[in-house]
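[1] Using only what follows, build the 3D model:
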Amino acid sequence: MLDLVRDVVEEGRIKASSANAGAEKDSDPSNVRITVIGAGGAGCNSVSRITKQGITSARTLAVNTDAAHLKITEAHKKHILGYKVTKGLGAGGEPSVARNCAEADADKLRELIGENEIVFILAGMGGGTGTGSAPVLARLAKEQGAIVIGVVTFPFSIERVRVKKAREGLVELMKEADTVIVIDNNRLLGYAPNLPLNRALELADEVAARAVRGIADTIVLPSLLNVDYADVQSIMKNGGLAMISIGEGSGSDFVKNAVANTLQHPLLDVDYEGATGALIHIEAGQKLTLGEAIQIGEGVSAGFAEEAGVKMGARISNAFMEGVRVTAIVTGVKSPSLFGQAKTPSEAQQMVAASSATVSDNLIDQFM
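    Down below sits the predicted model:
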């Protein structure tokens, strides 16, 4: 009897396979194409870290106007931006130069980016290449059908000139990307106040890498709790400004510790009112149970509005003997610390549109 049931099931499987081969191919997570682009020095550093970690869920691309820095960057593909313009010597800290370089190389960049379901753009706001080229890269990726997620760092408040450029670049990037996750260096120092400056900046690279790998791996690779492409699309498409919070938990009460630690370490000063959604990624060792993962997700999202969409993924990693690591990305937030009088990204964009094609010094002064 068991053999007969097995034969009937197998026959049905063959027929279903023949009729639905195309649908199965489309729903296979391994068919989700993900590209991670690092733009400029900070972005290339993050992409180097991701590539060295051996990411298999996405391909990496590094672009820079600085040929020397690009040479030591590790990525699946690399491209010198605007070589005919800068001769590989960098953008001199001028976003307008980098933007012109990216526009000049638009056809080549389209070819390198290709068609994707998701494109991450990693960059540091406030410098030249990342600030100027990231919006162009976002536009080109979106034109080819991708959901575009920016993951950018924001400079220390004492870096006044860089802060002005960063605000301009952030507004421009939000015009082109679906969601922009901002990692504020000031909050990062609060998370690890005793780290030397160079190690703190490496921590920013690691946070960006963790966010990207957390999303990409949970979509493409087998997980305890999967997040599929449709989940990411529902949260990230038109998600606006987003923040990231990281936490860890260990010991006998690791669930409670992980929740508290994550809630205490947002890397951007934000107002959660009106937040539209969240992606929560959990990584732990073999001992993590489904029930514990759900408890962590419920604890982290307990303060969100009922209408906010929350998706959670959990992966088992051999890197953990015990304990858990949590990464929460919340979309649709407000950050007066970034935009001053313009308290939301949309208000900032309206102010920019009302002024000129670029953000003037007067407008930036209003943001201050």
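[2] how about Ser48, what does it touch?
    Ser48 makes contacts with 38, 62, 72-75, as judged by C-beta atoms under 8 Å, 6 or more residues apart in numbering. No exception for glycine: its C-beta is placed from N, CA and C like everyone else's.
[3] how far away is Gln53 from Ser46?
    11 Å (C-beta to C-beta, to the nearest Å).
[4] higher neighbour count, those two?
    Neighbours per residue (other C-beta atoms under 10 Å) separate Gln53 from Ser46, with Ser46 holding more: 31 against 12.
[5] Downstream of whichever strand or helix holds that one, the next helix or strand is which one?
    Taking DSSP states H and E as the definition, Ser46 sits inside helix 40-52. Next along the chain after helix 40-52, taking DSSP H and E as the criterion, comes strand 59-64.
[6] Which positions within stretch 311-328 qualify as buried?
    Taking 16 or more other C-beta atoms under 10 Å as the basis for neighbour counts, the residues of stretch 311-328 that come out buried are 311-316, 320, 323-328.
[7] actually stretch 184-203, not the one I typed
    Of the residues in stretch 184-203, those buried by neighbour count under the rule 16+ other C-beta under 10 Å are 184-185, 187-189, 191, 200-201, 203.
[8] Sitting in helices, which of those residues do you find?
    Using DSSP state H, the members of the buried residues of stretch 184-203 that fall within helices are 185, 187-189, 191, 200-201, 203.
[9] before we move on, the earlier item: point out the least confident one among the buried residues of stretch 184-203.
    Of all those, the model is least confident about Tyr191, whose pLDDT is 70.
[10] Now do the strands for the stretch 151-300 of the chain: every range, in order, please.
    For the stretch 151-300 of the chain, the strands defined by DSSP state E, counting those that start in this stretch cover 179-184, 240-249, 277-284.
[11] Just the mean pLDDT for stretch 333-345, thanks.
    Taken as a whole, stretch 333-345 carries a mean pLDDT of 65.
[12] what does stretch 208-227 give?
    Over the span of stretch 208-227, the pLDDT mean works out to 88.
[13] Sort out which residues of that stretch are buried, please.
    Within stretch 208-227, judged by 16+ other C-beta under 10 Å, the buried ones are 208-220, 223-227.
[14] Give me the subset of the residues you listed lying in helices.
    When those are checked against helices (DSSP H), the matches are 208-220.
[15] Pick the one among these closest to Ile235.
    Using C-beta to C-beta, Ile215 is the member of these that lies nearest Ile235, at 9.7 Å.
[16] Could you verify my assumption that the closest one touches Tyr229?
    No. Proximity of Ile215 to Tyr229 does not meet the contact threshold set by C-beta atoms under 8 Å, at 10.3 Å.
[17] which residues are in contact with both of the two?
    Among the neighbours of Ile215, those also in contact with Tyr229 (C-beta under 8 Å, 6+ apart) are Ile118.
[18] how near is the closest residue in space to Leu109 that isn't next to it in sequence to Val97?
    Distances taken as C-beta to C-beta, 6 or more residues apart in numbering put Leu140 closest to Leu109, at 5.5 Å, once the chain neighbours are dropped. In this structure, Leu140 and Val97 are separated by 18 Å, where distance is defined by C-beta to C-beta.
[19] now the buried residues of stretch 311-328 as TSV including distance to Gly251, pLDDT and secondary structure?
    Converted to TSV, these look like this (distance: C-beta to C-beta, whole Å; pLDDT from 0 to 100; DSSP: H, G, I helix; E, B strand; the rest coil):
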residue	distance to Gly251	pLDDT	secondary structure
Lys311	28	92	strand
Met312	22	92	strand
Gly313	24	91	strand
Ala314	19	91	strand
Arg315	21	88	strand
Ile316	19	88	strand
Phe320	13	79	coil
Gly323	8	85	coil
Val324	11	92	strand
Arg325	14	91	strand
Val326	15	93	strand
Thr327	20	91	strand
Ala328	21	92	strand
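[20] Of these, which pair is most distant in space?
    Put simply, by C-beta to C-beta the two of the buried residues of stretch 311-328 set farthest apart are Lys311 and Gly323, 22.9 Å from each other.
[21] got the contact list for Met125?
    Met125 makes contact with 131, 152-155, 165-167, 169-170, 173, 182 under the criterion C-beta under 8 Å, 6+ apart.
[22] ah, wrong one, I meant Ala58
    By C-beta under 8 Å, 6+ apart, the residues touching Ala58 are 34-36, 50, 120, 212, 216, 220.
[23] now swap in Glu143 and tell me
    Arg110.
[24] tell me the phi and psi of it?
    Dihedral angles of Glu143 (phi, psi; degrees, to the nearest 10) stand at phi -60, psi -20.
[25] what about stretch 320-328, how long is it end to end?
    Counting by C-alpha to C-alpha, to the nearest Å, you get 19 Å between the two ends of stretch 320-328.
[26] can you list contacts of it?
    Contacts made with stretch 320-328 from outside it, assessed by C-beta under 8 Å, 6+ apart, are listed as 210-211, 214, 244-251, 254-255, 258-259, 261-262, 278-285, 287-288, 292, 296, 300-301.
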